[in-house]
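Peer 1: sequence-free structure coming up:
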């Protein structure tokens, strides 16, 4: 995974992000989009807690593997 974050130098507000690689980056894209929309700072993003949950597709795949 490659990640690039762009912050305003004076305020630390996240104004851009670039991410690539892998099948599991969708959740991170959602989190970074929310951070940009809400004007989160680098410090707020550093202390931001996120609860992850399995996708319904993953639980369905586990069910079929039994």
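Peer 2: Sure, I can see it. As the structure is a prediction and not an experimental result, all values here were calculated from the model. Residues are numbered from 1 along each chain as shown.
Peer 1: What's the per-residue pLDDT of residue 18 here?
Peer 2: Note for residue 18: predicted pLDDT of 94.
Peer 1: go on, residue 43?
Peer 2: pLDDT recorded at residue 43 is 92.
Peer 1: what helix or strand is it on?
Peer 2: Using DSSP states H and E, residue 43 maps to helix 42-47.
Peer 1: And the contacts of that helix?
Peer 2: The contact list for helix 42-47 (CB atoms under 8 Å, 6 or more residues apart in numbering) reads 5, 7, 12, 14, 35. The way it works is simple: take the backbone N, C-alpha and C, and place the C-beta from them, glycine included.
Peer 1: residue contacts, the last one?
Peer 2: Right, residue 35. 14, 17, 44, 45, 48.
Peer 1: The third one now?
Peer 2: Counting by CB under 8 Å, 6+ apart, residue 12 touches 41, 42, 43.
Peer 1: Kindly confirm whether my reading is correct that the first one touches residue 13.
Peer 2: If I follow you right, that is residue 41. Yes. In this structure residue 41 lies within contact range of residue 13 using CB atoms under 8 Å: 5.5 Å.
Peer 1: list the residues that contact both of these two?
Peer 2: Applying CB under 8 Å, 6+ apart, one finds that residue 41 and residue 13 are jointly contacted by residue 7.
Peer 1: Give the residue from these two that has the larger number of neighbours.
Peer 2: Set residue 41 next to residue 13 and count neighbours by other CB atoms under 10 Å: residue 13 wins out with 18 against 15.
Peer 1: Return the per-residue confidence for the more buried one.
Peer 2: What the model reports for residue 13 is a pLDDT of 97.
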